[in-house]
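Peer 1: Here is a sequence together with a model predicted from it:
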Amino acid sequence: MTKKITTIEGLAEMMQRTMASKEDLKSLATKAELEEIRAEMATKEDLKRLATKAEMEAGFFAVNRRIDLLREDVSDIPTMREELHGFRKRLERVEHKVGLAR
């Protein structure tokens, strides 16, 4: 149970114990500093937007990687086409010599 204060001196002592000094207040942030922090803080919507953006970037990276792999697979098609054309010509010559020409 708390002790009742019956004198002004008792009240002064209690106030002295519970009051912060100027030195104690120096370590606290000022109103301007708090406003600056609040302006810099992200809201839940900002965090959701960042998460969505990160997911999109990861998705784009995966799609770009797949496209790069396809490009590597498809890059030698022109060479294959030329080789196939050469094989056709050789086959036609062989068929003609053997007598199987169309």
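Peer 2: Arrived safely, thanks for sending.
Peer 1: Could you point out the helix or strand that follows the helix or strand encompassing residue 23?
Peer 2: Element membership for residue 23, per DSSP states H and E: helix 22-26. Under the assignment DSSP H and E, the closest C-terminal helix or strand after helix 22-26 is helix 31-40.
Peer 1: helices or strands next to that following helix in the packing?
Peer 2: Judged by 3 or more Cβ pairs under 8 Å, 6 or more residues apart in numbering; DSSP states H and E, helix 31-40 is in contact with no other helix or strand. Backbone N, C-alpha and C define where each C-beta goes, glycine included.
Peer 1: what mean pLDDT does that helix have?
Peer 2: For helix 31-40, mean pLDDT rounds to 78.
Peer 1: How far does whichever helix in the chain runs longest sit from its chain's centre?
Peer 2: Identified as the longest helix of the chain according to DSSP state H is helix 44-74. How far helix 44-74 lies from its chain's middle: 10 Å, per Cα atoms, centre = their mean, to the nearest Å.
Peer 1: repeat for stretch 36-54
Peer 2: Taking the mean of its C-alpha atoms, stretch 36-54 sits 12 Å from the chain's own mean (Cα atoms, centre = their mean).
Peer 1: what's that stretch in contact with?
Peer 2: If you take Cβ atoms under 8 Å, 6 or more residues apart in numbering as the criterion, stretch 36-54 is touched by residue 29.
Peer 1: Look at the residue sitting nearest the centre point of the chain and report its pLDDT.
Peer 2: Centroid check for the chain by Cα atoms, centre = their mean gives residue 54 as the closest residue, at 3.2 Å. For residue 54, the pLDDT comes out at 87.
Peer 1: and it, how far is that from residue 61?
Peer 2: Counting by Cβ to Cβ, to the nearest Å, the separation of residue 54 from residue 61 is 11 Å.
Peer 1: what do you get for residue 85?
Peer 2: Distance from residue 85 to residue 61, by Cβ to Cβ: 38 Å.
Peer 1: can you tell me which residues contact residue 29?
Peer 2: residue 37.
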